[in-house]
Each structure stands twice: as C-alpha cells, then as structure tokens.
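S.K.: heads up, no residue letters with this:
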C-alpha cells in the first residue's frame, strides 16, 4: 500500500473531504453549493451537449457495422443467459434513488410547472422531465463507460481501468501517462463521493420510514440506522461474499419489483397505465429538444430548478459510471455491441418509464383525485413522500416496511461493491485486491457518508456529489474518442 502513489493520493484526497465534512460541515456545504452553481452556470451547455452526443454515439454504434463486434474474442459467447443478464442489469440500475424519488421527484417538478400550466399539463410535463432525467441519457452514460471498459478489457486484454483506453489508444504522447493516472484518480474520487451521497439519501429514506410508520423520530434514529449500515457493509469486506452480495441485491430487486406491481394492480390501474403510455409518447417526441435544452431565456427560479435537477443528474450518472461500468462490463462479456446497447440502454429506460409512471402516477392520483397534501410533504420532508403515497393503498405498514428493507439492502450491496471497485482501481486493476485496501475504502465511504448526513439536507448532498464528479466530466469524452479510434483501427486491420 505504501508503494502505491495512486492509492495513497486517492485515500488522502477523499480523507480530506470526509474529515472536512465531519468537522466543518457548513463550510463544505457552502463551498459545494457555490462551486457547483458557478460550474453549472458556465458549463451547462457543455454538459448537455456532451451527454446528448453520448446518447447519439451509443445508439449509432448499435446500428452501425461495429454493432457485430464482440466484447471478447470473436468465438466467445455470453456467460449468462439473456434473462439473467437483464435481471442483473436491473439490479445494477435499480437503487435507493428510485425508491426515494419514485413519487417525490415528479411531485417536485409539478410544484414549479403548476404555476405556468394547468394541473393536468403540469403533471404530464413533470413525469416526462423525470423520465428524461432517468432515461436514455442516464443509461447511455453508463453504457458508454461499461462498453469502453469491456472492449479494452476483454477484446484488447487490458486491465479494467478507466486509464486503459487512454494508454492503449494514445501511446506516443508524452502526456499519456500523466493523463491516464489523473483519469484513474478522478474516477476513484467521483465514485467515492457519488456513492457516499447515495448512502446518505438511503439513510434519510429509512429514517423517514421509521418515523412515518412507527413514530420513531429524533436525530439519534438517523445515526442508529447509519451505524447498523456500517456494521452491515464493513464485515463482508473481509470475506469473499460475491454470491451472498448478489443474493442480497436480487432480494432487494425482487422487493422493489413487488412494490411496483402491487401499486399497479391494487391502485388505479387504468389511470396509471394511461399515464405510462401518455408519458412514453411525450418523452419520445421531446427527448431530442430536451436533450439540448439549457433554458437561457428563463428566469432565475427556472434556471435554479434546471441546475438542481437535470444538470445535477447528468453529473451524478457520470459519478456512478465507472462503478456501474465495471459491473456491467463484467456480466456483458461475449455479447456483441448491438446486443449490449439494446440491453443496457433501451430495456432499463423502458423500466424507468414504468417505475416512475406507477409511483409518480400514484402520487398524482392521490394529489389530484383524492386531495392528499403531498406537496407540503415534498417541500418539507421529501424522504417521507413514498410512505405517504403507499398510505393511500391497503397494507401501508407492510409496503412501507418492504420499502425500507429494500433501501437498506441496496445500500449494503452498493457500498460493498463500490469498496471492491475502488480497491481494484487503486491497485492497478487487481481483480482480487487486498482485504486491507477494501477495508480502508469501506471506512472512508462510511466517513464520507457521515459527512453527508451531517449536512442534513438532500439538496446539499446532491451539490457535494456534483462537485465530486465535475472534473470527470472532461474524461468521459476522451474515453469515447479512444473507443471510436480503436474501433476504426480494428476495422482497417
């Protein structure tokens, strides 16, 4: 460990942020909010242009002559069946964020838009905006990162690192070594901050459920949940529990799917399905325009909303991309690029549409048809929104408890997986990193999560995530260029 400059630098950099957040939370929050606001004002055009071009690139590759290239040897075939592969993809993409924002995000967008349009149009636009934030753009960012890692790892025999495409493609430049090293460092930093933010949001979710369902409230509840979570994810880091973690992830996924199906069947089914189909049409007809929208002619309130949601999400997906990319690349070995894109981009996007259509549609039904005071809940305690929505249906105590359990399980599996990926990245791609390195990252993720909890505000947590991933925004286009250049070289040979 002492002879690894990348590991020492990454641990040092994240430790500084973690300790800063623990001992002076307010100044970290102020810095994050100010810097992110400045970066979004100056780079909104670049972020939206870059992420939309990523969507175009991924879909073009699928339908081009490169679509037949395998992520592995030419005679290699997939390790997993298509059904198992898609199930694992859902598990990778389905996290505590969907449980937290399933109803809260559409209702939040509705609050802004309802002052500019009729309630029915405002609800439709709110759902479309939510799907945009979680749809093609999010999964294309994941897909291009996973595709780069899988292509250079399994077809070119390079380590599964962000730096590998840079070293392989731009071999002759003197700057290559330094840039590759920085790319790995920024990937590690973005993963650590992004995962810690999701950890805090998950704790807020479980805390909200305990308060809403069982009346257990107080700051001590939050830290009790956090302590239990730390115990749950630190112990597995000392063992080889790959199958165990997969089992927990699949269990969390099954609970989440069960919740969605329950809402769809027990709730106003025709209302929800009408909303899903309506949102699909509106999303497909407007995704291109929205993909390049930066709203320069709107007022400050609208600009702040755009920066705090859509731009923040684009950067959040970039923060998670190296982490999710390693997992998706691993399970996609042997598939063609065309199969890969259809499975990683289109199928999860349709699932996200159904998820938010069901949860968001149930929220709008409770708000617009039954008059429940959900907007006040979203403004004051967004972490309680899901439980208020579930309360509109029978067996609310059971579905609410299931939601908390799923959130907790997703957090445990995500942190254990992230600690493994961080250890692998910081040890030159070692697929069996030392236990002490995994534990070091586990402890640091816990400290970072504690710093996020002390911020005591979801908006601040999102700003810290965006600040952590901002520099990696400039690495992603470089990875795309490396992939395209190498694909064309391979074709010429």
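M.R.: Cool, got the structure. This one's a predicted model, so the numbers in the text were calculated from it and none came from an experiment.
S.K.: list the contacts for residue 19?
M.R.: Residues in contact with residue 19 (CB atoms under 8 Å, 6 or more residues apart in numbering) are residue 447. (C-beta placed from N, C-alpha, C; glycine too.)
S.K.: how far away is it from residue 453?
M.R.: Distance, residue 19 to residue 453, by CB to CB, to the nearest Å: 15 Å.
S.K.: next one: residue 418
M.R.: With distances defined as CB to CB, the gap from residue 418 to residue 453 amounts to 17 Å.
S.K.: repeat that for residue 325.
M.R.: The span separating residue 325 from residue 453 equals 27 Å under the rule CB to CB.
S.K.: ok, residue 30 next?
M.R.: Relative to residue 453, residue 30 is positioned 17 Å away (criterion: CB to CB).
S.K.: who has more neighbours out of the two?
M.R.: Here residue 30 and residue 453 are compared on neighbour count by other CB atoms under 10 Å; more neighbours surround residue 453, at 24 against 13.
S.K.: looking at this, the more buried one is in a helix?
M.R.: Yes: according to DSSP: H, G, I helix; E, B strand; the rest coil, the state of residue 453 is that of a helix.
S.K.: tell me the contacts of residue 451?
M.R.: Per CB under 8 Å, 6+ apart, neighbours of residue 451: 17-18, 20-22, 25, 28, 196, 464.
S.K.: and those, which are buried?
M.R.: Listed as buried from the contacts of residue 451 are 17-18, 21, 25, 28, 196, 464; burial here means 16 or more other CB atoms under 10 Å.
S.K.: which of those residues fall within helices?
M.R.: With DSSP state H as the criterion, helices contain 17-18, 21, 25, 28, 196, 464 from among those.
S.K.: buried ones in stretch 451-470?
M.R.: When neighbours are counted by 16+ other CB under 10 Å, the buried residues of stretch 451-470 are found to be 451-455, 458, 460-470.
S.K.: state the mean pLDDT of it.
M.R.: Taken as a whole, stretch 451-470 carries a mean pLDDT of 81.
S.K.: any idea how far apart the tips of it sit?
M.R.: Start to finish, the residues bounding stretch 451-470 are 19 Å apart (CA to CA, to the nearest Å).
S.K.: my read: residue 55 touches residue 142, true?
M.R.: No: because the distance of 11.5 Å does not satisfy CB atoms under 8 Å, residue 55 is recorded as not touching residue 142.
S.K.: compare those two (neighbour count), which wins?
M.R.: When residue 55 and residue 142 are compared on other CB under 10 Å, the one with more neighbours turns out to be residue 142, at 28 against 22.
S.K.: that one touches residue 326, doesn't it?
M.R.: No: taking contact to mean CB under 8 Å, the distance of 10.9 Å between residue 142 and residue 326 leaves them out of contact.
S.K.: just how off-centre is stretch 136-152 within its chain?
M.R.: 13 Å (CA atoms, centre = their mean, to the nearest Å).
S.K.: circling back: farthest pair within the buried ones among the contacts of residue 451?
M.R.: Farthest pair in those (CB to CB) is 25 and 196. Separation: 13.2 Å.
S.K.: how about residue 272, what does it touch?
M.R.: For residue 272, the residues meeting the contact criterion (CB under 8 Å, 6+ apart) are 263-264, 357-358, 361-362, 365.
S.K.: in helices only, show me these.
M.R.: Short answer: these in helices (DSSP H) are 263-264, 357-358, 361-362.
S.K.: need the per-residue pLDDT for residue 124.
M.R.: pLDDT, read off for residue 124, is 89.
S.K.: so residue 273 versus residue 353, what's the distance?
M.R.: Residue 273 sits at a distance of 12 Å from residue 353 (criterion: CB to CB).
S.K.: neighbour-wise, which of the two wins?
M.R.: Using other CB under 10 Å, the more surrounded residue of residue 273 and residue 353 is residue 353, with 22 against 15.
S.K.: the helix or strand hosting residue 388 packs against which elements?
M.R.: Assignment of secondary structure by DSSP states H and E places residue 388 within helix 385-391. Of the remaining helices and strands, those touching helix 385-391 by 3 or more CB pairs under 8 Å, 6 or more residues apart in numbering; DSSP states H and E are helix 96-113, helix 176-214, helix 347-364, helix 374-380, helix 396-425.
S.K.: off-centre distance for the very next helix or strand once past the first one?
M.R.: Toward the C-terminal end, the helix or strand that comes next after helix 96-113 (DSSP H and E) is helix 119-134. In terms of CA atoms, centre = their mean, the gap separating the centre of helix 119-134 from the centre of its chain is 19 Å.
S.K.: flag every buried residue along helix 119-134.
M.R.: Within helix 119-134, the residues that count as buried by 16+ other CB under 10 Å are 122-134.
S.K.: give me the distance from stretch 148-160 to the chain's centre.
M.R.: The gap between where stretch 148-160 is centred and where its chain is centred comes out at 23 Å by CA atoms, centre = their mean.
S.K.: what residues are up against residue 445?
M.R.: Contacts for residue 445 (CB under 8 Å, 6+ apart) come out as 192, 195-196, 199, 415, 418-419, 422.
S.K.: hmm, which two among these are most spread apart?
M.R.: Largest separation among these by CB to CB: 199 and 422, giving 13.5 Å.
S.K.: ok, back up a step: quick one: average pLDDT of the helix holding residue 388?
M.R.: Over the span of helix 385-391, the pLDDT mean works out to 88.
S.K.: contacting residues around that helix?
M.R.: Contacts of helix 385-391 with the rest of the structure, by CB under 8 Å, 6+ apart, involve 99-100, 102-104, 107, 205, 208-209, 212-213, 263, 359, 362-363, 366, 372, 374, 377-378, 396, 399-400, 403.
S.K.: the nearest residue to residue 331 once chain neighbours are set aside: how many residues sit nearby?
M.R.: Computed as CB to CB, 6 or more residues apart in numbering, the closest residue to residue 331 that is not its neighbour in sequence is residue 88, at 5.3 Å. Neighbour count of residue 88, defined by other CB under 10 Å: 20.
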